[in-house]
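> structure of the sequence below:
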Amino acid sequence: MKDGFRDLLLSMNDDMYFNMNKEPQVRRVTANLPAALLKEACQVSGTGITETLVEGLTLIKRRAAAGKAAKLRGRLNLSIDLETSRERPRR
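Numbering: from 1, shown residues only. Now for the predicted structure:
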């Protein structure tokens, strides 16, 4: 393998490794939270403050998505043959 091509492959591999393993963007915030509520939430989750807050924000996001899905109830016309879908070949 020529050196230039080898270097290019190594560079691409390094970029791919960096992009796959880089930390998600983080935003540092200051908030006034009820101490008792925060303490109880951390105890229930069994994690620290950051992890508990991230879990709470994720739940809020899921609740919004579930609300959107619920609004679609009865509006989607799906014609699915269950027997045919169950007999599809496995991957």
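> what about stretch 40-59, how long is it end to end?
Stretch 40-59 stretches 17 Å from its first residue to its last (CA to CA, to the nearest Å).
> who's in contact with it?
Residues outside stretch 40-59 that contact it (CB atoms under 8 Å, 6 or more residues apart in numbering) are Leu38. Where you see a C-beta, it was placed from the backbone N, CA and C, and this is true even at glycine.
> mean confidence for that stretch?
Per-residue pLDDT values across stretch 40-59 average out to 96.
> what's the neighbour count on Cys42?
Counted by other CB atoms under 10 Å, the residues lying close to Cys42 total 16.
> that one and Ala36, how far apart?
The spacing between Cys42 and Ala36, counted by CB to CB, to the nearest Å, is 11 Å.
> Val26 now?
Remark: distance between Val26 and Ala36 (CB to CB) = 27 Å.
> got it, and Arg27?
Arg27 sits 26 Å away from Ala36, going by CB to CB.
> these two: which is more packed in?
Relative neighbour count places Ala36 above the other of Arg27 and Ala36, with 8 against 4, counting by other CB under 10 Å.
> and whichever strand or helix holds Lys39, which residues are buried?
Remark: Lys39 resides in helix 35-45, with elements defined by DSSP states H and E. For helix 35-45, burial by neighbour count (16 or more other CB atoms under 10 Å) applies to Ala41, Cys42.
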